[in-house]
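# Let me see the structure of the following:
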Amino acid sequence: MKHLLILLLLMIAFFACKQSPPQERSLIPEGQIGSRLPSFSTVDLHGQKITSADLKNKVVLIDLWATWCAPCRKEMPGYQMLVDKYGSRGFAVIGFKVDVMADTEDPIQFAKELGVHYPIAIGAADIRNKFGGLQGLPTTLIYDRSGILRSKVIGFEYTSVIEKTIQRFL
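Have a look, this model is predicted:
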């Protein structure tokens, strides 16, 4: 009887170990602090491919903006300054121009006039949804080197505040 009980326990343990672990799912919705950098692939306004895989092991700032957004115009040169200063240390910025309203200016010319040369792509609904949707402009998302969202700012923020945030992750 004792041997039968031991055999039964061993069989239970064996079959329990053979079961595959449950699928790991993030319980944190996209665009919320602690969520992961979403998988995406797009083409920037100059025809260059941009993918989330290109951003692996980098501190990433995602900027959702529009040509008609005055606070966006104010923030973007600061983001370029941060790329110039920290790009060699693994910092990247991707700008997604939202298409919820007609542009007031050509986006390529707009960026050129601001001195912005980090990648800019169209932030259509599918892209915006991957980052949690659009709640306001500008929207700034900062992901650490592990691809975890650590900061989300809806509305204007001074470059110095953004710089202090990214410095923690570099």
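# Shouldn't Val43 be within a helix?
No - counting by DSSP: H, G, I helix; E, B strand; the rest coil, Val43 is located in no helix; its state is strand.
# pLDDT wise, what is it at?
pLDDT, Val43: 97.
# Low-confidence ranges, the chain, go.
In the prediction, the chain carries residues with pLDDT under 70 at positions 1-26.
# For it, just list every one of the helices.
Assignment of helices within the chain using DSSP state H yields the ranges 2-18, 70-86, 107-114, 125-130, 159-167.
# who touches the fourth one?
Taking contacts as CB atoms under 8 Å, 6 or more residues apart in numbering, the residues outside helix 125-130 that touch it are Glu30, Pro38, Ser39, Phe40, Thr42, Leu64, Phe96, Val98, Ala121, Leu134. No exception for glycine: its C-beta is placed from N, CA and C like everyone else's.
# Widest-spaced pair of the residues you listed?
Ser39 and Val98 (19.8 Å; CB to CB).
# Quickly note the distance from Leu82 to Pro71.
From Leu82 over to Pro71 the distance is 17 Å, taken as CB to CB, to the nearest Å.
# out of these two, which sits in the more crowded spot?
Leu82 (20 against 14; other CB atoms under 10 Å).
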